[in-house]
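1. structural data only, the sequence is not supplied:
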């Protein structure tokens, strides 16, 4: 029999030519690839987009840091660790983020001396590195929220949770600052992921993961400990299956791991236990309002304030979806998930809302939980639209996506554009460099950083301190806390929050008599007085006297021309959510005082 030896063209091994077993295996792999790839692509897009949104405008205000907490609590302490021991001697905020920055600075700049030189001569470089660390951790928290949502429910819910949380306004805004609020969210989300695994499988390593996240979260910001409630609820569900003592042993190990993680990230909580407990107690006293009421605080309860904050900090769509998701869990008797995800946000809001001080950023530790609830509600809504309303799946997904994300995306894009423009405080300083003589005496309200009067990295010859101008010590007053004069020659320190309570028209005579002829006022301070004028009538009289006695020589507004100024609030005065903002910073005015040593204006 003749054999045809002509070469047969080579063909790829396909389902038609491959052996049956291999063909089935390859078909299965391709089908798995088709299922998984869309989730991976969408998740990558979310992570890249949310990171870019966090980096856009990250140099705002620099080389001067205008956020008091950023300028005093984290970056300076991380730098100070190079010249002293690692004891922060400060526990109002836990030091984990400062320790992380200390390590990153060492790696990025090469040595402690290099970091100190950069901080003194070009702080922009140091602050940008610190802010990028916050932005990267913020992005990591989005990924971890996806993992938690996928483990609690499924990958679709995980993606929706990542999108809701990743594009939320407050976490993106505070990723632009070297504060501990956003870095806390990564270990909170890690603990939630471990908790979801406990709920699903209840293995020892799941408790350990949840414990690591819990300990690191509390060591970064004390309120990150709210993740403990979720873990305890998952334990109750795990133990209810008949293996209570096994679950209890695993929980104990998880809590021990949480304690170890907390101590590793905050070692002086044990090594300097007295200072640690004193700092925590002081923080609790400040939040509870044992000090005088923070002037300018929005009237009403903190609970109302936080519920309002949800509507713009996370967005109306996600909040309503989260409510719907919670109702569905209860209606469908999914008790385990309901116990883990619902009580923690409610408890947190009630506890924080009953403090005397409240700020929108303090709400963020529960954002990952609420985002997961909102994602579940949104995915169920999509399914209902497809089944009950016969809406095509792509259209249903698009509609719900717009409802969930449109508000946040519009606000974030606007805010990032604002942050990318020059700060009003930088504009005022540039004007003063050109118009106020070096060595002149100036009064600057505490709306700028302490080094604002200096030319960064340069010591000038006109003042003993090397500053460009002599600054009046607005941080000192000759009044006691009740507004009564102190003994002649005595002064006491004044916190920024209490500055407006020290103002009265007679100060203008003191300024003029001592030759302090240039006065800079800003809405971040004056706005507090005008928000609650009945509490500080002397401050209101001071500003009226200043307007009558001095000449306005320069004014800059952060608002677009033709728009109304935004009423003062401790959130919208600094995070620029309202559409009226065109550039960052407060409204600022420079006055030239007359009389005394100031002569004619």
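-> Structure received. Since the model is a prediction, treat every value here as computed from it, not as a measurement. Numbering: from 1, shown residues only.
2. can you tell me how far the most centrally placed residue in the chain sits from residue 574?
-> Nearest to the mean C-alpha position of the chain, counting by Cα atoms, centre = their mean, stands residue 174 at 3.4 Å. Residue 174 sits 10 Å away from residue 574, going by Cβ to Cβ, to the nearest Å. C-beta: built from backbone N, CA, C; applies to glycine.
3. can you confirm residue 438 is in a helix?
-> No - counting by DSSP: H, G, I helix; E, B strand; the rest coil, residue 438 is not found in a helix; it is coil.
4. who's in contact with it?
-> 460, 462, 468, 469 (Cβ atoms under 8 Å, 6 or more residues apart in numbering).
5. for the last one, give me its contacts.
-> It stands for residue 469. 432, 436, 438, 439, 440, 441, 442, 453, 462, 463, 518.
6. isn't the last one up against residue 591?
-> What it means is residue 518. Yes - taking Cβ atoms under 8 Å as the definition, residue 518 is a contact partner of residue 591 at 7.3 Å.
7. give me the local confidence score for the residue nearest to the centre of the chain.
-> Looking at residue 174, its pLDDT reads 97.
8. my guess is it contacts residue 364. True?
-> Yes - using Cβ under 8 Å, residue 174 makes contact with residue 364 at a distance of 7.3 Å.
9. which residues do those two both contact?
-> By Cβ under 8 Å, 6+ apart, residue 174 and residue 364 have these common neighbours: 181, 182.
10. show the average pLDDT along stretch 361-378.
-> 98.
11. let me see the ranges of the strands in this protein.
-> For the chain, the strands defined by DSSP state E occupy 441-444, 470-471, 476-477, 492-493, 516-522, 551-556, 588-592.
12. what's the closest of these to residue 398?
-> Proximity to residue 398, assessed across those by Cβ to Cβ, is greatest for strand 551-556 (42.1 Å).
13. next, the angle from the closest one to strand 588-592.
-> On the basis of axes from the mean of the first three to the mean of the last three Cα atoms, to 10 degrees, strand 551-556 is oriented at 160 degrees to strand 588-592.
14. what count of nearby residues applies to residue 181?
-> For residue 181, the count of nearby residues is 28 (other Cβ atoms under 10 Å).
15. distance of it relative to residue 137?
-> The spacing between residue 181 and residue 137, counted by Cβ to Cβ, is 10 Å.
16. ok, residue 441 next?
-> Residue 441 is 43 Å from residue 137, by Cβ to Cβ.
17. so which of these two has more stuff around it?
-> Shown here are residue 441 and residue 137; by other Cβ under 10 Å, residue 137 has more neighbours (21 against 18).
18. I'd say the more buried one and residue 180 touch.
-> No - using Cβ under 8 Å as the test, residue 137 is too far from residue 180 to be in contact (9.9 Å).
19. out of the contacts of residue 469, who has the most neighbours?
-> Busiest of the contacts of residue 469 [other Cβ under 10 Å] is residue 518, holding 24 neighbours.
20. with adjacent residues omitted, what lies nearest to residue 236?
-> Distances taken as Cβ to Cβ, 6 or more residues apart in numbering place residue 339 nearest to residue 236, at 6.7 Å, with adjacent residues excluded.
21. who's in contact with the one you found?
-> Taking Cβ under 8 Å, 6+ apart, one finds 233, 236, 237 in contact with residue 339.
22. and what of residue 460?
-> Residue 460 touches 438, 454, 466, 467, 468, counting by Cβ under 8 Å, 6+ apart.
23. and of those, the nearest to residue 278?
-> Distances from residue 278 to the contacts of residue 460, taken by Cβ to Cβ, are shortest for residue 454, at 32.9 Å.
24. near residue 331, how many other residues are there?
-> If you count neighbours by other Cβ under 10 Å, residue 331 ends up with 9.
25. lowest-confidence helix or strand of the protein?
-> Using mean pLDDT, DSSP states H and E, the weakest-scoring helix or strand in the chain turns out to be helix 20-55, at a mean of 74.
26. circling back: top of the contacts of residue 339 by neighbour count?
-> Busiest of those [other Cβ under 10 Å] is residue 233, holding 23 neighbours.
27. list the contacts of it.
-> 336, 339, 340, 343, 344.
28. show me where the stretch 401-550 of the chain has helices.
-> With helices called from DSSP state H, counting those that start in this stretch, the stretch 401-550 of the chain shows them at 424-435, 506-514, 523-531, 537-549.
29. what of the stretch 151-300 of the chain?
-> Assigned by DSSP H, counting those that start in this stretch, the stretch 151-300 of the chain shows helices spanning 155-166, 169-174, 181-200, 204-220, 227-239, 244-265, 268-271, 273-288.
30. and stretch 551-564, end to end?
-> 24 Å (Cα to Cα, to the nearest Å).
31. now swap in stretch 50-70 and tell me
-> First residue to last in stretch 50-70 (Cα to Cα) measures 22 Å.
32. buried residues, that stretch. List them.
-> By neighbour count on 16 or more other Cβ atoms under 10 Å, the buried set for stretch 50-70 is 50-51, 53-58, 60-67, 69-70.
33. what do you get for stretch 93-110?
-> 93-102, 104-106, 108-109.
34. residues making contact with that stretch?
-> 69, 73-75, 77-79, 81-82, 86, 88, 112, 115, 118, 126, 129-130, 133, 178-180, 183, 216, 218-222, 265-266, 268-269, 283.
35. do that again at 7 Å, thanks
-> 73-75, 77-78, 81, 88, 112, 115, 118, 126, 129-130, 133, 180, 183, 216, 219-222, 265-266 (Cβ atoms under 7 Å, 6 or more residues apart in numbering).
36. same deal with stretch 591-601?
-> Contacts of stretch 591-601 (Cβ under 7 Å, 6+ apart): 508-509, 511-515, 517-519, 546, 549-553.
37. from the residues you listed, list the buried ones, please.
-> Buried members of the contacts of stretch 591-601, scored by 16+ other Cβ under 10 Å, are 508, 511, 512, 517, 518, 519, 546, 549, 550.
38. what two of the residues you listed are the furthest from one another?
-> Most distant of the buried ones among the contacts of stretch 591-601, by Cβ to Cβ, are 518 and 549, 13.5 Å apart.
39. what residues are up against residue 521?
-> Taking Cβ under 7 Å, 6+ apart, one finds 445, 589 in contact with residue 521.
40. roughly how far apart are it and residue 567?
-> Taking Cβ to Cβ, one finds residue 521 at 17 Å from residue 567.
41. highest average neighbour count across the helices of the stretch 401-550 of the chain?
-> When the helices of the stretch 401-550 of the chain are scored by mean count of other Cβ atoms under 10 Å, the highest mean neighbour count falls to helix 523-531 (a mean of 22).
42. how distant is stretch 308-328 from the center of its chain?
-> On the basis of Cα atoms, centre = their mean, to the nearest Å, stretch 308-328 sits 19 Å off its chain's mean C-alpha point.
43. if you could redo that for stretch 558-565, that was the one I meant.
-> 26 Å.
44. before we move on, the earlier item: per-residue pLDDT, the residue nearest to residue 236?
-> Residue 339 is assigned a predicted lDDT (pLDDT) of 97.
45. same question for residue 544.
-> So, for residue 544, pLDDT stands at 97.
46. ditto for residue 466
-> For residue 466, pLDDT reads 88.
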